[in-house]
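Asks: Quick one: sequence and predicted model below, then my questions.
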Amino acid sequence: MHANALALTRQCIEAISVVELGICKHAGAEGILLKWEDDRATAGELRKWLQANVWPHYGRGLWTEPWDVFMRELASAIQPYAHYGRDLAQWQLRLHGMVEVKDDPTAAAQGFIEMRPRAYDPQKATRITLFHGLLTYVLGRVWMASNRGDDEFDALIGRLGTALGKSRYLDGHATNWSQQFWAMLWDRGGGTALE
């Protein structure tokens with residue numbers, strides 16, 4: 001279930017690009033959207049077009065980075081989870097904990113992993129909820145950029161972005177997005193991360 005949710009998250013990133021082209025009010029948006037509809041433009045090409053023509057006007061991303069950098073990094077980091085592979089397969093496992101092996105200097109750590117159908121991992125579920133919160137934030141920012149003047153909505157999306165940016169599962173302005181979707185997180189104390 002966690003792997004399925006993450007794969008759908010990737011599809012949502014691509015769907016937001018299509019929605020954004022439909023509401024961004026840029027003169028060339030309809031043309032690129034029609035190309036996509038006719039299978040003459042990929043989701044990646046839509047994002048490249050948005051990055052070149054629309055995103056530079058959105059201001060900052062989740063932290064201090066420009067919006068186009070935030071979106072490029074987010075979409076790139078989740079790309080490996082679009083298709084079933086070893087990275088996505090790890091989201092099907094439950095990590096119970098890690099312990100360092102003190103007697104064996106060649107062994108860094110040992111992990112205890114549960115493998116069974118529908119193995120529920122509360123940390124993975126929490127992280128998926130965070131990622132879905134990021135999708136809501138992104139869609140809210142897209143709406144704000146295209147529909148100026150709703151100060152109450154803008155303030156709510158701003159507060160959501162601030163709260164997401166402070167998540168213990170993200171590391172602030174220095175976020176390495178390629179690591180944010182790793183399936184296994186743990187701390188050096190032996191537990192799963194952030195317990």
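Replies: Perfect, thanks for sending it.

Asks: what secondary structure does the residue of the chain most remote from its centre sit in?
Replies: Distance from the C-alpha centroid of the chain peaks at Asp103, with 38.8 Å (Cα atoms, centre = their mean). Using DSSP: H, G, I helix; E, B strand; the rest coil, the structure places Asp103 in coil.

Asks: Let me see the backbone angles for it.
Replies: Main-chain torsions, Asp103, degrees, to the nearest 10: phi -80, psi -20.

Asks: Can you read off the pLDDT for it?
Replies: Per-residue pLDDT puts Asp103 at 73.

Asks: how far away is Glu20 from Cys12?
Replies: 12 Å (Cβ to Cβ, to the nearest Å). For every residue, glycine as well, the C-beta is placed using N, CA and C.

Asks: who's more crowded, these two?
Replies: Applying other Cβ atoms under 10 Å to Glu20 and Cys12 shows that Glu20 carries more neighbours, namely 25 against 18.

Asks: So which bits of the lengthiest helix in the chain are buried?
Replies: When the chain is parsed with DSSP state H, its longest helix is helix 122-146. Under the neighbour-count criterion of 16 or more other Cβ atoms under 10 Å, helix 122-146 has 123-124, 127-128, 131, 134-135, 137-145 buried.

Asks: about what we covered before: distance of the residue farthest from the centre of the chain from Leu46?
Replies: Counting by Cβ to Cβ - Asp103 and Leu46 are separated by 54 Å.

Asks: again, but for Thr126
Replies: Distance from Thr126 to Leu46, by Cβ to Cβ: 30 Å.

Asks: Need the three-state assignment for the residue nearest to Met144 when sequence neighbours are not counted.
Replies: Computed as Cβ to Cβ, 6 or more residues apart in numbering, the closest residue to Met144 that is not its neighbour in sequence is Asp154, at 5.4 Å. Here Asp154 is helix, with the state taken from three-state DSSP.

Asks: neighbours of Asn147, just the number please.
Replies: If you count neighbours by other Cβ under 10 Å, Asn147 ends up with 12.

Asks: what about the nearest residue to it once chain neighbours are set aside, how many residues close to it?
Replies: Excluding its sequence neighbours, the residue lying closest to Asn147 (Cβ to Cβ, 6+ apart) is Ile23, at 7.6 Å. Close neighbours of Ile23, defined as other Cβ under 10 Å, add up to 13.
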